[in-house]
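K.L.:
Have a look at this prediction, sequence included:
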Amino acid sequence: MEPFPFLSLFMSKTSTLARSPGLRVGLVGLVLMGRGMGLSLLRAGHSLGIVSHRRRETAQELCAAGAWEAADSAALAARCEVLVLCLPSLEATQAVLFGPGGAAHEGARGLLVLECST
């Protein structure tokens, strides 16, 4: 038996995601990592939705490159298959997922959430 069966499931899902252009991906957190991830997702042919809260210039750059902007995390999650979070703290992550206007309120069953915060 594999010691970490969840890891092979995760790896198979993410490698499938990497080979599946055209996914609807939501990105929350547009600072250092988020900007680069967003541009890479757009170059890979994915539909990218964003929620901007602090970096208006980064949101404008991503929108100019083809991203679309949602009013809040719930609206973003309602339109996405994958939600990527690049946030600075546990509190920020909890607010984006479970707070007012949070992704958990509107995300579809099976929404894949990738937490990339440091």
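P.N.:
Cool, the structure landed.
K.L.:
Tell me where this protein has helices.
P.N.:
5-18, 32-43, 56-64, 73-78, 90-98 (DSSP state H).
K.L.:
And those helices: which comes nearest Glu115?
P.N.:
Nearest to Glu115 among the helices of the chain is helix 90-98 (6.4 Å), distances taken as C-beta to C-beta. Every residue, glycine included, has its C-beta placed from N, CA and C.
K.L.:
which secondary structure elements does the closest one contact?
P.N.:
strand 82-85 (3 or more C-beta pairs under 8 Å, 6 or more residues apart in numbering; DSSP states H and E).
K.L.:
And the strand it packs on, how far out from the chain middle?
P.N.:
On the basis of C-alpha atoms, centre = their mean, to the nearest Å, strand 82-85 sits 2 Å off its chain's mean C-alpha point.
K.L.:
Report the residue spans of this structure with pLDDT below the cut-off.
P.N.:
1-21, 53 (pLDDT under 70).
K.L.:
Residues in contact with stretch 83-92: which ones?
P.N.:
By C-beta atoms under 8 Å, 6 or more residues apart in numbering, the surrounding residues in contact with stretch 83-92 are 25-31, 33-34, 37, 73, 76-77, 93, 96-97, 103, 107, 111-118.
K.L.:
Distance check, Gly38 against Cys63.
P.N.:
10 Å (C-beta to C-beta, to the nearest Å).
K.L.:
more crowded one of these two?
P.N.:
Ranked by neighbour count (other C-beta atoms under 10 Å), Gly38 and Cys63 place Gly38 first, with 28 against 15.
K.L.:
and that one, what does it touch?
P.N.:
Leu27, Leu30, Leu48, Ile50, Thr58, Leu62, Ala65, Ala67.
K.L.:
separation between it and Ala74?
P.N.:
Distance from Gly38 to Ala74, by C-beta to C-beta: 20 Å.
K.L.:
go on, Arg54?
P.N.:
19 Å.
K.L.:
try Leu112
P.N.:
17 Å.
K.L.:
All set now, cheers.
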